[in-house]
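Asker: Build me a model:
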Amino acid sequence: RVLDLGCGDGTLALKLSGMGCDVVGVDSSPEMIEAAKSLGLDASVCDGHELPFSCEFDAVFSNAALHWMTQPEAVIAGVWNALKPGGRFVGEFGGKGNVATIVEAIEQELAARGVQATSPWFFPAPEQYEELLNEAGFDVRDITLFPRPTPLPGDVGGWLRTFAQPYTSLLPESEREEFIAAVVEQLKPKLCDGQNNWTADYVRIRFAALKPEDR
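Answerer: From the prediction side, this is the model:
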């Protein structure tokens, strides 16, 4: 029995289900949960900081979601409570340095418009996240930080419209497209090659931790 924490549209939860797992998906987005339910999945809207489960799961799995949850102690405590003794917590998410080039350009363009911003994401160093897991009682079996340059389907403007809304929402709606265009222009020499292929500078943490049998 597996909890997919931040299941999104359910793509990976469906794969886990197809492998024989009994999967429950949770996500903070009602739209994503509707998409997951349309695949026949057991999915519900839930804040990852307030997981309501108690000793129900053999594993908690999370992909590309934990960096959106900016109170990691609350998330880890909820995962601990959700797991049976001996249960596993495994995941991958943005780590220290993730999209650093993109963030720098965003913040420079906002500053030029007189807007100060702080990162909406939690991108820890592996040592920091390992310490949080250890403090909660987990036995960390593996934790790795690694670059994962990721090709984009178009220019970085699409990425900004999808993922950088916490930044763009600081501007009047009438100014957002001009702002995105300025960020794209600033990033083109850094993230775009001679064939107009764009690559985002992702850096990921991948980890596996165990809730001891006697806890």
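Asker: Quick check: the gap between residue 115 and residue 179.
Answerer: 9 Å (CB to CB, to the nearest Å). No exception for glycine: its C-beta is placed from N, CA and C like everyone else's.
Asker: Looking at these two, which is more packed in?
Answerer: residue 179 (22 against 14; other CB atoms under 10 Å).
Asker: what about the more buried one, is that helix, strand or coil?
Answerer: Assigned with DSSP: H, G, I helix; E, B strand; the rest coil, residue 179 falls in the helix class.
Asker: related to what we said a few turns ago, what touches both of residue 115 and residue 179?
Answerer: residue 171 (CB atoms under 8 Å, 6 or more residues apart in numbering).
Asker: what about the strands in the chain?
Answerer: With strands called from DSSP state E, the chain shows them at 2-5, 23-27, 42-45, 57-63, 83-94, 139-147, 150-151, 199-200, 203-210.
Asker: Quick one: work out the angle between the second one and strand 57-63.
Answerer: What that stands for is strand 23-27. Following axes from the mean of the first three to the mean of the last three CA atoms, to 10 degrees, one obtains 40 degrees for the angle between strand 23-27 and strand 57-63.
Asker: May I have the residues that are in contact with the residue nearest the centre of the chain?
Answerer: Taking CA atoms, centre = their mean, the centroid of the chain lies closest to residue 65, which sits 2.5 Å from it. Taking CB under 8 Å, 6+ apart as the criterion, residue 65 is in contact with 5, 6, 8, 27, 48, 91, 93.
Asker: how about TSV for these, with neighbour count and distance to residue 79 added?
Answerer: Listed next are those as TSV, based on neighbours: other CB atoms under 10 Å; distance: CB to CB, whole Å:
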residue	neighbour count	distance to residue 79
5	26	7
6	25	11
8	20	18
27	26	15
48	21	9
91	21	9
93	23	13
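Asker: Among these, which one lies nearest to residue 189?
Answerer: residue 93 (28.3 Å; CB to CB).
Asker: what's the closest non-adjacent residue to the closest one?
Answerer: residue 66 (3.9 Å; CB to CB, 6 or more residues apart in numbering).
Asker: Check residue 49 too.
Answerer: residue 74 is the one closest to residue 49 (CB to CB, 6+ apart), at 4.3 Å.
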